[in-house]
Each structure stands twice: as C-alpha cells, then as structure tokens.
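Q: What would the 3D arrangement of this be:
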Amino acid sequence: MIPRYSRPEMAKIWEPENKFQKWLDVEIAACEAWAKLGEIPKKSLAVIKKKAAFDIKRIDKIELTVKHDVIAFLTSVAEKVGPDSRYIHKGLTSSDIGDTALALLMREAADIIINDIHQLMKVLKSNAYKYKDTLQMGRSHGIHAEPTTFGLTFALWYEEMKRNLTRMKTARETINYGQLSGPVGTFSSLPTSIEKYVCKKLGLRPDPIVTQVIQRDRHAEYMNTLALIAGAIEKMAVEIRHLQRTEVLEAEEPFEKGQKGSSAMPHKRNPVGSENLSGLSRVVRANAMAAMENIPLWHERDISHSSVERIIVPDSTILIDYMLVRLTGILKGLQVYPERMKENIDRSYGLYCSQRVLLKLTEKGMSREDSYSLVQKTAMESWKGRKPFSDLLKQEPSITRYLSAKDIDDLFDFKFYTKHVDYIFKRVFKS
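A: Numbers count the residues shown, from 1 in each chain. Predicted structure coming up:
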C-alpha cells in the first residue's frame, strides 16, 4: 500500500523484515519440537537458535535464480547457520511455513483493527449522548420524512460497529490456525507432535485438516469482515457528505487552520475526508471478492491464491486501519449546526406530520383510504403553495369535521417524535 494511506504500526507488520522473522520463528519452533524427540542434537539446536538469521537483499538475489521465495529464504538462513542448517525445514513444505506465519501476521493486524474499532466506538457513543436531543429531520429516499435526533444517528453507527467488533474478533479466531503437516497435509514426513508444539508456542491452534494449505475460506471470512467494516465506514462518510452539502449544511468535517478546499475557488470547504473514505472502501470490498475467488484451488493446492494474497491482505488491513483512524478524527472534530437542522425541518412546512394526521382521522372514524387521499391532497397543496401544512388542514372542512384547531396543533408537537429516544439508547448502550 502506498505511504499516503499507511500508518506506521500497521505498515510495519507487512514489511519483509517482519514476514521473514515470522517464517524464522516457525522454523526455529519446529527445530525445537524435533529436538524434543531427539531428532535434532541439542548442540545443533543451540547453534541454530544462536546463528539463525536472514539477509533480505541476499534473499532477493537468490530468488532471482531459484524463483522460489521460501527456498531463497532457507538458503540465506543456511548461510548464516552453517552445517547445522541441514536440520531446518525438516519434513516441512513451504506452505507449512508461509500459511502459519501468515496467520501470525493477520492476527497482529486484527489486534490493531480491533483497537481502532474500540476508539471509534468511544467517539460514536460520546457524540450519541452529546446530540441525543438534537432535533433533525429524518429522510427517506433523500426526502423529508419525520423528525428524529442526530444522536440516534450516532447510536445507530455505534450499534453497527459493535457488530463489526464481534465480527473482527471472530475473524481473528478463524484465522488463528497453523499447519505443519507436510506436502499434502497427511503428516507423511513428520509426526503430529511437531505441529502441536509449534502451534502452542506461537499461540495458534492446529487446523483440524488441511491439504498442502490452510483452506482459504478462513482468509475469505477475514477479508469479508474487513469489507463489512469498510461498508460501515462508507455509510457514515456518505451521511457526512450529504449533511455538508450547501443546501443542507447540518454538519461539516473539521476544517483546520491553513487548510484549502480548492485550487481555483478559495471559498470551498469540501468533505474530502469522507470522500476519501468512500473511495478506499471500494478497494477493500473489491479485495474481499478476490479473497472469495481464492477459495477453489486445484486438488491439494495450487498457487493462484498466493499472488493475490500478497497484495490484498496487506493492502486491506493497512487501509482499514487508516480508514478507522481517519473517521474517528473526523467524527471527533465534526462541526454540527442544530439551528440549521431546525431551519431544514421548517423547509417542508410541517409535512412531517402527515402520518399523525392520517392516523388521527382514522381514529376519529374516517376510512384509511379517504383519510390518506385527503391528507395527501392537502400536503401537496402545502408543498406547491409553500404554505404551512397545519393552516391548510384547519381550512379543510372534511378534516375539521373530525379535528378541531387545537387537535391539529397538538399533532405538531416534536416531543411525540422523540418520546422513545431514551428507550432506544438504553437498548443500544445497555449500561
């Protein structure tokens, strides 16, 4: 992933130095397991543990000839260790090392992402309570519907991120499996105790059954979890982008001192952060599709998945980390305009009350069909004539036959629409 969208802690996980170190950790652990069985002399194990190292430039040079990264790695390690290197990689195949190490890397990445989600949820909860009673027009299809509160928007996002937190923890466990079972997963060239020892030492569980590789539905689940998180991030970003439109302007991203919005138009304050997140989410979702394509491999294994994973796993974890942190910053500094929200509510002349009028008329004895037609006709007159909906209702004889002026005024009380906000908050924030 390009540095522009990379944070150091996550990017470091996917550096060659860390990857090869994980490979070496697996190889040394396997040597320890063999030594416990008496298959590797203790002196040789001591030499291996003391001298085992690698040279990335040397690995790259060797790979140019051998066209195999694991062999290049093992050759580089052997050059450091000397004759005792003959015990390294005993009974193993490349995927025993690569897949087990990949699980370690993906677990490290998951831990960062889980922490990122926790930090975002703190901001979402804080904003939910801050704006719990801030009245805002609810919209469906982009059209005014009924009043809600801005706090409920944050509560909704919090609840979704709570699900994503559960998903990410589950994905971490799904990927937290290792394998050391030989060429086609049958333990033909090593005892099962090697795998048990290595996995236990590295904090992994032995995969119950593999071929030459750990099955890629595990990785696909992890990647699809990242895609779901990206979808949630984009949902929040799209809402902010809408709210920042000039015609709406109910909220804005933070605009820092010295920030510029346009090379041509000095007045511009654009939602560039949210737009950035919308774009990056597409990459993460596309990568999830690639992970799904990696599930069907030929027989006991081919390497069509390998080239894909070298790109999509680092890129998606790096992106999600960046996206979560950037979104947290945007929401922490979000500029909110309650007065504008009230102005926007008034722009539809009280039409938000149409359902209450409909229900009240049916409660008084009018058929639902007649009530709907009558309220709709009056609502359209209000919209086209730009006149208060309540005034027109009071002028309609078919309505005043059932409802007094006071009855109508009472229907337009905003408290009716917010009376269950506390109940919803208790369901979301149970404590």
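Q: mind checking how far the closest residue to Lys90 other than its chain neighbours is from Val70?
A: Among residues not flanking Lys90 along the chain, Trp34 sits closest, at 5.7 Å (Cβ to Cβ, 6 or more residues apart in numbering). From N, CA and C alone the C-beta is placed, and that goes for glycine too. Taking Cβ to Cβ, to the nearest Å as the measure, Trp34 falls 18 Å from Val70.
Q: Report the separation between the most centrally placed residue in the chain and Pro3.
A: When the chain is reduced to its mean C-alpha position, the nearest residue by Cα atoms, centre = their mean turns out to be Ile229, at 1.8 Å. Per Cβ to Cβ, Ile229 is found 22 Å from Pro3.
Q: swap in Met10?
A: Remark: distance between Met10 and Pro3 (Cβ to Cβ) = 12 Å.
Q: more crowded one of those two?
A: Higher neighbour count among Met10 and Pro3: Met10, with 22 against 9, using other Cβ atoms under 10 Å.
Q: Output the host helix or strand of that one as PDB, nothing but the C-alphas.
A: In this assignment (DSSP states H and E), Met10 forms part of helix 8-13. Provided in PDB are the C-alpha atoms of helix 8-13 (Å, rounded to 0.1, in the frame of the first residue of the first chain):
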ATOM      1  CA  PRO A   8       3.500   3.100  10.700                       C
ATOM      2  CA  GLU A   9       2.300   0.400  13.200                       C
ATOM      3  CA  MET A  10       0.200  -1.500  10.700                       C
ATOM      4  CA  ALA A  11       2.500  -1.000   7.700                       C
ATOM      5  CA  LYS A  12       5.400  -2.400   9.800                       C
ATOM      6  CA  ILE A  13       3.600  -5.700  10.100                       C
END
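Q: Check which residues of it are buried.
A: Residues of helix 8-13 classed as buried under the neighbour-count rule (16 or more other Cβ atoms under 10 Å) are Met10, Ala11, Ile13.
Q: right, and the second one touches Asp315 too?
A: Looking back up the chat, that one is Ala11. No - with contact defined as Cβ atoms under 8 Å, Ala11 does not reach Asp315; the gap is 10.6 Å.
Q: Now do the shared contacts for those two.
A: With contacts taken as Cβ atoms under 8 Å, 6 or more residues apart in numbering, Ala11 and Asp315 have Met1 as neighbours in common.
Q: okay, now Val272: neighbour count?
A: The number of residues packed near Val272 is 14, by other Cβ under 10 Å.
Q: what do you get for Ala53?
A: Ala53 has 13 nearby residues by other Cβ under 10 Å.
Q: Distance of the residue nearest to it when sequence neighbours are not counted relative to Ile59?
A: Nearest non-adjacent residue to Ala53, counting by Cβ to Cβ, 6+ apart: Lys80, 4.6 Å away. For Lys80, the distance to Ile59 equals 11 Å [Cβ to Cβ].
Q: Where do the domain boundaries of this protein fall?
A: 3-252+268-342, 351-411 (automatic domain parsing).
Q: among those, which is nearest Phe425?
A: domain 3-252+268-342 (6.2 Å; Cβ to Cβ).
Q: ok, back up a step: next one: the helix holding Met10 to chain centre, how far?
A: How far helix 8-13 lies from its chain's middle: 18 Å, per Cα atoms, centre = their mean, to the nearest Å.
Q: Quick check: which helices or strands does it pack against?
A: helix 94-130, helix 304-332 (3 or more Cβ pairs under 8 Å, 6 or more residues apart in numbering; DSSP states H and E).
Q: now those as CSV including mean pLDDT?
A: CSV is the format used below for the helices and strands packed on helix 8-13 (pLDDT from 0 to 100):
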stretch, mean pLDDT
helix 94-130, 98
helix 304-332, 97
